[in-house]
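# next come a sequence and a model predicted from it.
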Amino acid sequence: MIPDNDPVLNIAVFALFVAITLYVVYRVSTRNSSTSDYYAAGSAFTGRQNGIALSGDFLSAASFLGIAGAIAIHGYDGFLYSIGFLVAWLVDLLLIAELLRNTGRFTMGDVLSFRMKQRPVRAAAATSTLVISFFYMLAQMAGAGGLVALLLDIHGGFGQALVIGGVGVVMVLYVLVGGMKGTTWVQIIKATILLLTGALITVFLFGKFGFSFSNLLAAAADRSPLGQELLHPGGSYGKSEITKLDFVSLALALVLGAAALPHVLMRFYTVPNSREARRSVVWATACMFLFYLCTLVIGFGAAALVGPEAIKNAPGGENSAAPLLALNIGGTLLLGIVSAVAFATILAVVAGLTITASASFAHDVYANIFKRGKAEPASEVRVARQTAVVVGALAILGGILANGQNIAFLVALAFAVAASANLSTLLYSLFWKRFNTTGTLWGIYGGLIASLVLVFFSPVMSGAADSIIKSVDFHWFPLKNPGIVSIPFSFLCGFVGTFVGRSKADPDKHAEMEVRSLTGIGS
């Protein structure tokens, strides 16, 4: 049996964290007057600091709540999310981090428009950034709804909607007050606490099962309806040819998506040079490696001690596995601590997404399209803050609609959209001399539209028991993740568009970009 929950204690721990982090944000962010301060924290962070913040940005509600729940319910197949998320950083390290840091200033649009026509390319980059940020926010806000619903024992949809609204308001406050510097410090604090909490729970679980991972796995298999199948591949993705293909699509999206996520790419501008950008990725990968090992133990521990049925029936469903495990092994105090950490995870990630989306609109659209590069820094920062409020409102609405979905799965959709819309154009821009403006626009819009259309007409939206819209069935695309189709389609669009387009690539600009990206001269 799961012990009784104490909402008052949970809320006290949770409110204490919000108060402390808001104070930290206020203290470190008193001089956010310039665009460099607001968007990139003045490029003042070291590789180690930025790497820990990157892991904090990336170790979202999907990593802590979604993956633990997926492992507890689906076993081996749930851990595949961790593998995909971790391997994805090799693409960032080898292909993206250093070159991107040397080429741009604040946003992905800086890189894509470097040797292309500024206005159409920046508009496309901003559109892509806003859509991807919105998809990623859906997952975080849905996780917030499920988590606080568990804390307060709220089962009704209206109560959970109010909770999501409250999370959205606090998130916007972080961005308005702190900018990138304040958001980065929240992510550093949150990543440190998250790693410590995960490690402590892991050690405790090992002790409970005689420091034997085999005993833990055996207990999880005994408690699960899947039995020994919980420990083997195929529990979730091996039931048919379609599910196997869905797994390949998911793996593609996870491995290629991280290198194209706007809020991850923007973090490389908070360090002073490309060397520190590489160090950031190494530190982030090390932190995430340790954490994902912990989630493996936490997921199977939840299956063994809480049980899949209790997890599924709790407010928040699969996403409740880690909090319920904390409640089971440490009572209400540990639940309050774990939930505060998870809530901090959600707040920090959504704040990072919000500042990325608002920076992209203010810098790419307002400053460089509307004002043609002649915007005053103060007015650009003001527009960014106004955009943050609008983005926050949309995130709240989307989170209410997506409440109840597994958040690791929702994040995988955001990865698929990111890899489809951004990766092809980033790689072509950095490495292909002939690539031109038409190819850039075809690659971004082709991949973005393909991924969105395929998601809309997939079992994610309708036609399955866990669809967002359950009352109708209009799906015709059989896979839940579109990556296997939309990612190659984006590369094809960029390739064909380059040869179809009348605009010629500028060899001088390409030479300048190549020197700058490889050496850092002029960055």
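Great, that's in hand.
# in the stretch 251-400 of the chain, which spans are helices?
Secondary structure of the stretch 251-400 of the chain by DSSP state H, counting those that start in this stretch: the helices cover 262-265, 274-305, 308-313, 321-359, 377-402.
# so which elements touch the shortest one?
The elements that helix 262-265 packs onto, with contact taken as 3 or more C-beta pairs under 8 Å, 6 or more residues apart in numbering; DSSP states H and E, are helix 47-58, helix 118-152, helix 321-359. From N, CA and C alone the C-beta is placed, and that goes for glycine too.
# ok, now with 6 Å
Packing contacts for helix 262-265, counted by 3 or more C-beta pairs under 6 Å, 6 or more residues apart in numbering; DSSP states H and E, involve helix 321-359.
# mind checking the SS state of residue 114?
coil (DSSP: H, G, I helix; E, B strand; the rest coil).
# need the helix or strand of this protein with the lowest average pLDDT.
Counting by mean pLDDT, DSSP states H and E, the chain has its least confident helix or strand at helix 61, which shows a mean of 64.
# dump stretch 439-451 to CSV, restricted to CA.
Only the C-alpha atoms of stretch 439-451 are listed here, as CSV (Å, rounded to 0.1, in the frame of the first residue of the first chain):
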residue,chain,number,x,y,z
GLY,A,439,17.0,25.2,-50.2
THR,A,440,16.9,26.7,-46.7
LEU,A,441,13.3,27.7,-46.9
TRP,A,442,12.3,24.3,-48.5
GLY,A,443,14.2,22.4,-45.9
ILE,A,444,12.6,24.3,-42.9
TYR,A,445,9.1,24.5,-44.1
GLY,A,446,9.0,21.1,-45.8
GLY,A,447,10.2,19.3,-42.7
LEU,A,448,8.0,21.4,-40.4
ILE,A,449,4.8,20.9,-42.4
ALA,A,450,5.5,17.2,-43.0
SER,A,451,6.1,16.4,-39.3
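# contact partners of it?
For stretch 439-451, contacts defined as C-beta atoms under 6 Å, 6 or more residues apart in numbering pick out 112, 116, 120-121, 124, 128, 416-417, 420-421, 424-425, 482, 486, 489-490, 493-494, 497-498.
# now the residue nearest to residue 262 when sequence neighbours are not counted: how far from residue 356?
Once flanking residues are discounted, residue 262 sits nearest to residue 129: 4.2 Å by C-beta to C-beta, 6 or more residues apart in numbering. Counting by C-beta to C-beta, to the nearest Å, the separation of residue 129 from residue 356 is 7 Å.
# which residues do the two both contact?
Shared contacts of residue 129 and residue 356, counting by C-beta under 6 Å, 6+ apart, come down to residue 262.
# mean confidence score for stretch 75-93?
In this model, stretch 75-93 carries a mean pLDDT of 81.
# which of the residues in that stretch are buried?
Using 16 or more other C-beta atoms under 10 Å as the test for burial, stretch 75-93 gives 75-82, 84-86, 88-89, 91-93.
# ditto for stretch 90-110
91-93, 95-110.
# sorry, back to before: format the helices of the stretch 251-400 of the chain as a markdown table; extra columns: mean pLDDT.
Formatted as a markdown table, those follow (pLDDT from 0 to 100):
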| stretch | mean pLDDT |
| --- | --- |
| helix 262-265 | 82 |
| helix 274-305 | 89 |
| helix 308-313 | 84 |
| helix 321-359 | 79 |
| helix 377-402 | 81 |
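# could those helices go into TSV alongside distance to residue 467?
Output for these, formatted as TSV (distance: least, C-beta to C-beta, whole Å):
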stretch	distance to residue 467
helix 262-265	27
helix 274-305	25
helix 308-313	17
helix 321-359	22
helix 377-402	11
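# residue 191: which of those helices is closest?
helix 274-305 (6.4 Å; C-beta to C-beta).
# what helices or strands is that closest one leaning on?
By 3+ C-beta pairs under 6 Å, 6+ apart, helix 274-305 packs against helix 47-58, helix 67-74, helix 76-91, helix 97-103, helix 157-208, helix 213-223, helix 321-359.
# tell me which of those helices is the most buried.
Of all the helices and strands packed on helix 274-305, helix 67-74 has the most neighbours on average by mean count of other C-beta atoms under 10 Å, namely a mean of 30.
# who touches that one?
78-79, 81-82, 235-236, 295, 298-299, 302-303, 308, 311, 318-319, 321-322, 408.
# got the CA coordinates for it in CSV?
Extracted C-alpha coordinates of helix 67-74, given in CSV (Å, rounded to 0.1, in the frame of the first residue of the first chain):
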residue,chain,number,x,y,z
ILE,A,67,11.2,7.9,-18.4
ALA,A,68,10.8,6.5,-14.9
GLY,A,69,7.1,5.9,-15.6
ALA,A,70,7.9,4.3,-19.0
ILE,A,71,10.4,1.9,-17.4
ALA,A,72,8.0,1.1,-14.5
ILE,A,73,5.2,0.2,-17.0
HIS,A,74,7.0,-1.0,-20.1
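# how big is the angle separating it from helix 76-91?
Relative orientation of helix 67-74 and helix 76-91, computed by axes from the mean of the first three to the mean of the last three C-alpha atoms, to 10 degrees: 150 degrees.
# any idea how far helix 67-74 is from the middle of the chain?
Distance, stretch centre to chain centre, for helix 67-74: 18 Å (C-alpha atoms, centre = their mean, to the nearest Å).
# got the angle between it and helix 274-305?
40 degrees.
# tilt between helix 67-74 and helix 118-152?
Going by the same axes, to 10 degrees, helix 67-74 makes 60 degrees with helix 118-152.
# thinking again about what came up before, number of nearby residues for the residue nearest to residue 262?
Residue 129 has 29 neighbours, counted by other C-beta atoms under 10 Å.
# could you check how far the closest residue to residue 398 other than its chain neighbours is from residue 268?
The spatial neighbour of residue 398 that comes closest, neighbours along the chain excluded (C-beta to C-beta, 6+ apart), is residue 138 at 4.7 Å. Relative to residue 268, residue 138 is positioned 25 Å away (C-beta to C-beta).
# again, but for residue 59
18 Å.
# residue 118 too?
For residue 118, the distance to residue 268 - C-beta to C-beta - is 21 Å.
# between these two, who's got more neighbours?
residue 268 (26 against 17).
# the more buried one contacts residue 101, doesn't it?
Yes: counting by C-beta atoms under 6 Å, residue 101 is a contact partner of residue 268 at 4.5 Å.
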